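Visitor: Quick one, what's the 3D model for this:
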Amino acid sequence: MKFNHLVEINDPLNPLIDPLTRQQLWQGLVLRAEAPKLFVPHLDQCDLLARSADTLSRALRYGTLVVRDSVTFFPMQRIHYQVPAQQDILASTLTMSIEEPQASVFFVRFEYDDGKGESEDNAEAFYNEFRRSAYEESDIDTVRIIRQLAEEGRLDAPLA
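Guide: Below is the predicted model:
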């Protein structure tokens, strides 16, 4: 299943929402990769296995299930998550890209690819619709948490 959607970050027509800067938004997306327990309530543990200037290797623990992945950063633009095939898990990817159609009007595009083809039977179509909905809710929560962190001043420090 391939799936993508946009989450609006700054709405210039809504004065009740404090706008985020690109820097705050980027730092929030980076924090989601580096400290995912802040964003994923059912995640038990995240071990950072290796780090370079633009990549992370992680082991994510959900009970007895351990999922290894790698994260690649394209500074101030996008973050790409790649899960290689492992145990009963197919290879999959997630890309989060910052889009700016107008000055300071930001969106984040979330793009999912579970590594399966596009053909689906009725049962799989039902399951995929459920997954799309869950992904959207999770991504909206990600933005909500980034907003909360920005309000607390936790995204104002310069990146290391």
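
Visitor: and Met96, how many neighbours?
Guide: Using other C-beta atoms under 10 Å, Met96 is surrounded by 19 other residues. All C-beta atoms are positioned from the backbone trio N, CA, C, and that covers glycine.

Visitor: host element of the residue lying closest to it once chain neighbours are set aside?
Guide: Nearest non-adjacent residue to Met96, counting by C-beta to C-beta, 6 or more residues apart in numbering: Ile79, 4.9 Å away. Here Ile79 is covered by strand 78-83, with elements defined by DSSP states H and E.

Visitor: what residues does that strand touch?
Guide: 29-30, 32-33, 67-74, 89, 91-98 (C-beta atoms under 8 Å, 6 or more residues apart in numbering).

Visitor: Can you tell me which helices and strands the helix ranked longest in the chain packs against?
Guide: Ranked by residue count under DSSP state H, the longest helix found in the chain is helix 122-151. Under the contact criterion of 3 or more C-beta pairs under 8 Å, 6 or more residues apart in numbering; DSSP states H and E, helix 122-151 touches strand 2-8, helix 22-34, strand 105-113.

Visitor: For Ser138, see how far away the residue nearest to Met96 is.
Guide: Relative to Ser138, Ile79 is positioned 15 Å away (C-beta to C-beta, to the nearest Å).

Visitor: Looking at the two, which is more packed in?
Guide: Ile79 (21 against 13).

Visitor: Next one: that one, what pLDDT does it get?
Guide: Reported pLDDT at Ile79 in the predicted model: 98.

Visitor: Low-confidence stretches in this structure?
Guide: 117-120, 158-160 (pLDDT under 70).

Visitor: check contacts around His42.
Guide: Tyr62.

Visitor: ok, now the one 5 residues further on?
Guide: When contacts are counted by C-beta under 8 Å, 6+ apart, Asp47 is found next to 58-59, 61.

Visitor: hmm, try it at 6 Å
Guide: Taking C-beta atoms under 6 Å, 6 or more residues apart in numbering, we find Asp47 in contact with Ala59.

Visitor: coming back round to it: how about the CA coordinates for the strand holding Ile79, as CSV?
Guide: Taking C-alpha atoms only, strand 78-83 is exported to CSV below (Å, rounded to 0.1, in the frame of the first residue of the first chain):
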residue,chain,number,x,y,z
ARG,A,78,12.6,15.9,4.9
ILE,A,79,13.2,12.8,7.0
HIS,A,80,13.2,9.3,5.5
TYR,A,81,12.5,6.2,7.6
GLN,A,82,13.4,2.8,6.2
VAL,A,83,12.5,-0.5,7.8
